[in-house]
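Trainee: here's my sequence, what's the structure:
(chains A and B)
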Amino acid sequence: QQQVKQSPQSLIVQKGGIPIINCAYENTAFDYFPWYQQFPGKGPALLIAIRPDVSEKKEGRFTISFNKSAKQFSLHIMDSQPGDSATYFCAASTQGAQKLVFGQGTRLTINP
Amino acid sequence: GAGVSQSPSNKVTEKGKDVELRCDPISGHTALYWYRQSLGQGLEFLIYFQGNSAPDKSGLPSDRFSAERTGGSVSTLTIQRTQQEDSAVYLCASSPWDSYTGELFFGEGSRLTVL
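Mentor: Numbers count the residues shown, from 1 in each chain, chains lettered A, B, ... in the order given. Got it, this is the predicted structure:
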């Protein structure tokens, strides 16, 4: 019940395309859903986050869509660029918890 | 820079040896976390510190793993009698908040290879 399931494991998109990464969870107590971006040899860095009181959040070319009833959330990258090539992790936690649960990660490649 | 610093960046050891991994969090951050990143396994929570105390050690995979934090700052993750399955990247993160509803700032990790 503490798991966050992420798909796909890897994704290849042409420049300008819109990659979509999906995550699903079981624990209805989760109330914070961040996405982290990791470049090779670096630690993950917070990209964007959402709370379940909204269905969508946009920051630049990055959008989180959240479906509370389906217990799913996804990351969309508009006008993708080769510099967006990285591993993306979704995560979830509960208010006051000291345990951020991560998905398995998606290795995204944007071809020029 | 003022980011999270981890050392060593790479460590190769023989099976059965002990290793220590060090984390220097961002100054002033009270919360510190250790995660393990294995190929295809995502980020696995190991332990969390608030100040010098560790309210949640539930992610430590066995009693060969231990961690401490001194002075509310530097943390050391120790793995005793290393096994090949311990090979992974060990990531440290810090946060000025005491819950996971704030941003975690990760270091670049310590890559451990057990031969």
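
Trainee: in what helix or strand does whichever residue of chain A sits closest to chain B lie?
Mentor: Chain B sits closest to A:Gly43 of chain A, with a gap of 3.0 Å, by CB to the nearest CB. Every residue, glycine included, has its C-beta placed from N, CA and C. If you go by DSSP states H and E, A:Gly43 is not part of any helix or strand.

Trainee: which one is it nearest to, not counting chain neighbours?
Mentor: B:Phe106 (3.0 Å; CB to CB, 6 or more residues apart in numbering or on different chains).

Trainee: what sits against that neighbour?
Mentor: A:43-45, B:4, B:91-93 (CB atoms under 8 Å, 6 or more residues apart in numbering or on different chains).

Trainee: one more pass at 7 Å, please.
Mentor: A:43-45, B:4, B:91, B:93 (CB atoms under 7 Å, 6 or more residues apart in numbering or on different chains).

Trainee: kindly report the same for A:Val4.
Mentor: A:23, A:25, A:90-92, A:101-103.

Trainee: just among these, which is most surrounded?
Mentor: Most neighbours among the contacts of A:Val4, by other CB atoms under 10 Å in any protein chain shown: A:Cys90, with 28 neighbours.

Trainee: that one pairs with what?
Mentor: In this entry, A:Cys90 is beta-bridged to A:Trp35, by DSSP bridges.

Trainee: B:Thr13 bridge partners, please.
Mentor: Beta-bridge partners, per DSSP bridges, of B:Thr13: B:Val114.

Trainee: next: A:Lys5.
Mentor: A:Ala24.

Trainee: remind me which residues of the chain are low pLDDT?
Mentor: Since you didn't name a chain, this refers to chain A. Residue ranges of chain A with pLDDT under 70: A:1-2, A:96-98.

Trainee: if you could check chain B rather than the one you did, that'd help
Mentor: Checking chain B against pLDDT under 70 turns up B:1, B:40, B:98-101.

Trainee: which residue is nearest the centroid of it?
Mentor: For chain B, the residue nearest the mean C-alpha position is B:Trp34 (3.2 Å; CA atoms, centre = their mean).

Trainee: ignoring the adjacent residues along the chain, who's closest to that residue?
Mentor: B:Leu46 (4.2 Å).

Trainee: next SSE downstream of the one helix or strand that neighbour maps to?
Mentor: For B:Leu46, the element it lies in under DSSP H and E is strand B:43-50. Later in the chain than strand B:43-50, the nearest helix or strand by DSSP H and E is strand B:53-56.
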